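Trainee: sequence and predicted model, in that order:
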Amino acid sequence: MMQYATAEEAEAALGRAMTWAEETWFRYSAAMPDYWLYCHTTVIVFVVYTLAPLPLLLLETFAPAVVLPYKLQPRVLLPPAVSLRCYTETACFFIVVVPLQIVFYPAVDKVYQMMGTRMGLPLPSLSEVAAQLVVYSLVEDYLSYWIHRLLHTKWGYEKIHRVHHEFTAPTGFAMSYSHWAENVVLFVPALVGPSIVPCHITTHWLWFAIRLIEGINTHSGYKFPLGPTKLIPFYGGAEYHDYHHFVGGSSQSNFAPLFTYCDYIYGTDKGYRYHKSRLAKVRVAF
């Protein structure tokens with residue numbers, strides 16, 4: 001809940017006029033209890049997860065000629081019912097979380113306080129948000145890399161991670177199609193960055209939305225000419241992660257979820273690089 005009763009009080013405390021974004025935020029959140037703001041995170045993630053994979057899924061179903069030339073595994077076409085199964089089974093996880101957040105509000109409130117998450121004014125600048133997102137991405141990528149490697153040990157794979165690898169050719173909705181324990185464990189690295197570098201709640205929402213869209217992209221099964229791999233240094237993208245699913249449970253390559261530097265440093269991209277070199281030789285031969 002905002003600490004100021006009126007906009008005039010807020011501007012007096014800021015020592016300046018509010019920006020249009022701050023005015024909008026003030027009107028929206030001034031009288032809203034904190035626990036409703038906390039619940040926004042799960043709602044936003046649920047909405048993004050529901051909507052982001054749909055355009056590609058609809059094109060694949062109703063206009064395949066538009067997208068199939070860019071499919072990484074063109075011989076594997078998943079029927080819409082499979083994507084729907086992924087969505088319904090994963091959506092249950094999100095639907096359960098919101099009521100739990102409300103029921104266990106004191107614990108959730110304590111977590112956000114420990115993380116130092118801000119709710120009020122001023123809103124962060126664009127440069128502050130950008131810097132925080134870079135830090136969060138690097139931290140999350142490094143920690144998730146090691147968790148992913150552990151999940152590919154014999155016990156981790158057989159007991160937990162094999163669920164996610166049911167798809168050798170992934171689809172966007174398969175991004176969160178995993179054992180419940182894997183979803184919980186891999187959620188932790190996404191919280192570490194905001195705990196190290198505290199942010200505003202709106203940055204928190206943006207971070208989770210961007211991370212989810214990125215995960216959906218890497219599981220999309222498509223590589224488009226103008227994808228983010230052309231714009232973001234060391235970004236792996238769909239082609240990088242698709243190879244990991246293609247190899248399956250025996251894969252000891254391409255563990256990092258975002259970038260490629262961890263796999264390069266620790267030597268877990270050798271299989272992928274060999275695969276790429278073989279493909280290049282085949283193209284040259286033809």
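Mentor: Arrived safely. Numbers count the residues shown, from 1 in each chain.
Trainee: name the SS class of the spatially closest residue to F208 that is not a sequence neighbour, please.
Mentor: Closest residue to F208 apart from its sequence neighbours, by C-beta to C-beta, 6 or more residues apart in numbering: V45 at 5.4 Å. Where you see a C-beta, it was placed from the backbone N, CA and C, and this is true even at glycine. Under the three-state scheme (DSSP: H, G, I helix; E, B strand; the rest coil), the conformation of V45 reads as helix.
Trainee: number of residues surrounding V45?
Mentor: Using other C-beta atoms under 10 Å as the criterion, V45 is surrounded by 19 other residues.
Trainee: ok, so what distance separates it from M119?
Mentor: Distance check for V45 against M119: by C-beta to C-beta, to the nearest Å, it reads 18 Å.
Trainee: list the buried residues of the helix or strand where W205 lies.
Mentor: Under the criterion DSSP states H and E, the helix or strand holding W205 is helix 201-218. The neighbour-count check on helix 201-218 (16 or more other C-beta atoms under 10 Å) flags 201-209, 211-218 as buried.
Trainee: now swap in stretch 175-190 and tell me
Mentor: So, applying 16+ other C-beta under 10 Å, buried residues of stretch 175-190: M175, S176, Y177, S178, E182, N183, V185, L186, P189, A190.
Trainee: list just the nearest of these to H152.
Mentor: Of all the buried residues of stretch 175-190, the one with the least separation from H152 (C-beta to C-beta) is E182, at 11.7 Å.
Trainee: is that closest one in a helix, a strand, or coil?
Mentor: helix.
Trainee: that one and P228, how far apart?
Mentor: Here the criterion is C-beta to C-beta. By it, E182 lies 24 Å from P228.
Trainee: helices or strands up against the helix holding W205?
Mentor: On a contact count with 3 or more C-beta pairs under 8 Å, 6 or more residues apart in numbering; DSSP states H and E, helix 201-218 meets helix 34-51, helix 126-151, helix 180-196, helix 237-247.
Trainee: so which of these is the most packed in?
Mentor: Among the helices and strands packed on helix 201-218, helix 237-247 has the highest mean neighbour count (mean count of other C-beta atoms under 10 Å), at a mean of 21.
Trainee: what average pLDDT does that one get?
Mentor: Across helix 237-247, the average pLDDT comes to 92.
Trainee: tell me what angle that helix forms with helix 126-151.
Mentor: Using axes from the mean of the first three to the mean of the last three C-alpha atoms, to 10 degrees, the interaxial angle of helix 237-247 with respect to helix 126-151 works out to 10 degrees.
Trainee: check which element follows helix 237-247 along the chain.
Mentor: As the chain continues past helix 237-247, the following element, by DSSP H and E, is helix 261-265.
Trainee: what's stretch 204-217 in contact with?
Mentor: For stretch 204-217, contacts defined as C-beta atoms under 8 Å, 6 or more residues apart in numbering pick out 40-41, 44-45, 48-49, 52-53, 117, 129, 132-133, 136-137, 140, 172-173, 175-176, 190, 193-194, 199, 227-228, 237-238, 257-258.
Trainee: tell me the SS of the spatially closest residue to P80 that is not a sequence neighbour?
Mentor: With C-beta to C-beta, 6+ apart as the measure, T61 is the residue that lies nearest to P80, at 5.5 Å, once sequence neighbours are left out. The three-state assignment at T61 reads helix, by three-state DSSP.
Trainee: kindly report the same for Q73.
Mentor: Classified using three-state DSSP, Q73 is coil.
Trainee: out of the buried residues of stretch 175-190, which one sits closest to W36?
Mentor: Minimum separation from W36 among those (C-beta to C-beta) is found for A190, which lies at 21.3 Å.
Trainee: please tell me how far the closest one sits from Y264.
Mentor: From A190 across to Y264, the span is 23 Å (C-beta to C-beta).
Trainee: again with Y28
Mentor: The value you get for Y28 to Y264, if C-beta to C-beta is used, is 44 Å.
Trainee: same check, this time on H200
Mentor: Summarising the geometry, the distance separating H200 from Y264, computed by C-beta to C-beta, is 34 Å.
Trainee: same thing with R211?
Mentor: The value you get for R211 to Y264, if C-beta to C-beta is used, is 22 Å.
Trainee: again, but for F187
Mentor: Taking C-beta to C-beta as the measure, F187 and Y264 are separated by 26 Å.
Trainee: same question for V45.
Mentor: 30 Å.
Trainee: where does the residue nearest to F208 land on pLDDT?
Mentor: At V45, the predicted lDDT confidence score is 87.
Trainee: ok so, going back, closest to M2 among the buried residues of stretch 175-190?
Mentor: Of all those, A190 has the smallest distance to M2: 26.5 Å, by C-beta to C-beta.
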